[in-house]
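A.B. asks: Got a predicted model here, sequence first, then my questions.
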Amino acid sequence: MRTRIFALTLSIVICVTARAELKWDQTMIELHPAAGDKEAIGHFKYQNTGSNPVRFKSVHTSCGCTAAQSQKEQVPPGEKGEITATFKIGDRTGTQVKTVTVETDDPAKATMVLTLKAVIPQELEINPTFVFWGQGEAPKPKTIVVRAGKDFQVKHLKVASSNPEFQTKVEQAGNGQFKIEVQPRETSRMTGATLTIQSEDSPKMFYAAARVTNAPAIQ
């Protein structure tokens, strides 16, 4: 009887001590790519601090613009490695948050979600992005302010209206700052336009909207 109890106790001790466990240096990485960068790459480093190997079952990302790759399929005890996450920036700006879900046979934590945060410089800051007039309101100009981003030099700005009923005029209001005056020809009916805003030195386009709505006229 004592032999059986001893064997059972020893088995429990072995099960507890002989385990696999991945320890991650960090599960969230924030990147600040420079203007013009095409990719943002994060390296999520780990170590197997257990006494059994850890096998990766799958590594998948939250969207098609992000790819993730594991250095190895199996991590022996004591060994280190990393998951590399590559975010394709494209024409995206501002703060982008993507995740990488890692599934392993680690009994302590079979699923781990890694977060990649990329803060992408924005070439132009537009405020507001929407101006409107109520029907019957006086068709006076309204102003959109455009500022160049921190890492950008903008000397000239181009603005095009999709609707000739809305006229636009650009004025420079300081270093890297512009004012766009938008004016409808009349406000007797509902209509609208998309305004395409572009620095003359860049192919990237930004957009604002102008509308005559059925809201009450502003006196």
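C.D. replies: Done, it's in. Numbers count the residues shown, from 1 in each chain.
A.B. asks: Give me the domain ranges for this protein.
C.D. replies: 22-120, 124-213 (automatic domain parsing).
A.B. asks: ok now the shortest one, how far from the chain's centre?
C.D. replies: In this case it means domain 124-213. Centroid displacement of domain 124-213 relative to its chain, using CA atoms, centre = their mean, to the nearest Å, is 25 Å.
A.B. asks: Write down the beta-bridge partners of the most centrally placed residue in the chain, one by one.
C.D. replies: Centroid-nearest residue in the chain, with CA atoms, centre = their mean: Gln96, separated by 1.1 Å. For Gln96, the beta-bridge partners under DSSP bridges are Ala118.
A.B. asks: ok, so what distance separates it from His32?
C.D. replies: Gln96 is 12 Å from His32, where distance means CB to CB, to the nearest Å. Glycine gets a C-beta too; all of them are placed from N, C-alpha and C.
A.B. asks: list residues touching both of those two?
C.D. replies: Residues touching both Gln96 and His32 by CB atoms under 8 Å, 6 or more residues apart in numbering: Ala118, Val119.
A.B. asks: ok, Thr213 touching Trp133?
C.D. replies: Yes. Taking CB atoms under 8 Å as the definition, Thr213 is a contact partner of Trp133 at 7.3 Å.
A.B. asks: For those two, indicate the residue with more neighbours.
C.D. replies: Neighbour totals were compared for Thr213 and Trp133, and Trp133 leads with 25 against 14 (other CB atoms under 10 Å).
A.B. asks: Okay, buried residues for the strand or helix carrying the more buried one please.
C.D. replies: Using DSSP states H and E, Trp133 maps to strand 130-134. For strand 130-134, burial by neighbour count (16 or more other CB atoms under 10 Å) applies to Val131, Phe132, Trp133, Gly134.
A.B. asks: Show me what secondary structure element comes after it.
C.D. replies: Next in sequence after strand 130-134, counting helices and strands by DSSP H and E, comes strand 142-148.
A.B. asks: what are the phi and psi angles of Tyr207?
C.D. replies: Dihedral angles phi and psi of Tyr207 (degrees, to the nearest 10) take the values phi -140, psi 150.
A.B. asks: What count of nearby residues applies to it?
C.D. replies: Residues near Tyr207, counting by other CB under 10 Å, number 12.
A.B. asks: Kindly report the same for Leu114.
C.D. replies: Quick note: Leu114 (other CB under 10 Å) scores 22 neighbours.
A.B. asks: correct me, but it touches Glu103?
C.D. replies: No. Using CB under 8 Å, Leu114 makes no contact with Glu103, being 11.8 Å away.
A.B. asks: What pLDDT does the model give Glu137?
C.D. replies: You'll see Glu137 listed with a pLDDT of 94.
A.B. asks: Let me know the next secondary structure element after the helix or strand of the chain with the lowest mean pLDDT.
C.D. replies: In the chain, no helix or strand scores lower on mean pLDDT, DSSP states H and E than helix 2-17, which sits at a mean of 43. Next helix or strand after helix 2-17 toward the C-terminus (DSSP H and E): strand 22-24.
A.B. asks: residue ranges with poor pLDDT in this protein?
C.D. replies: Within the chain, the segments meeting pLDDT under 70 span 1-20, 216-219.
A.B. asks: make it 80
C.D. replies: Per-residue confidence for the chain (pLDDT under 80) gives these ranges: 1-20, 35-36, 150-152, 201-203, 215-219.
A.B. asks: Can you tell me how far the residue nearest to the centre of the chain is from Ile89?
C.D. replies: As judged by CB to CB, Gln96 and Ile89 stand 8 Å apart.
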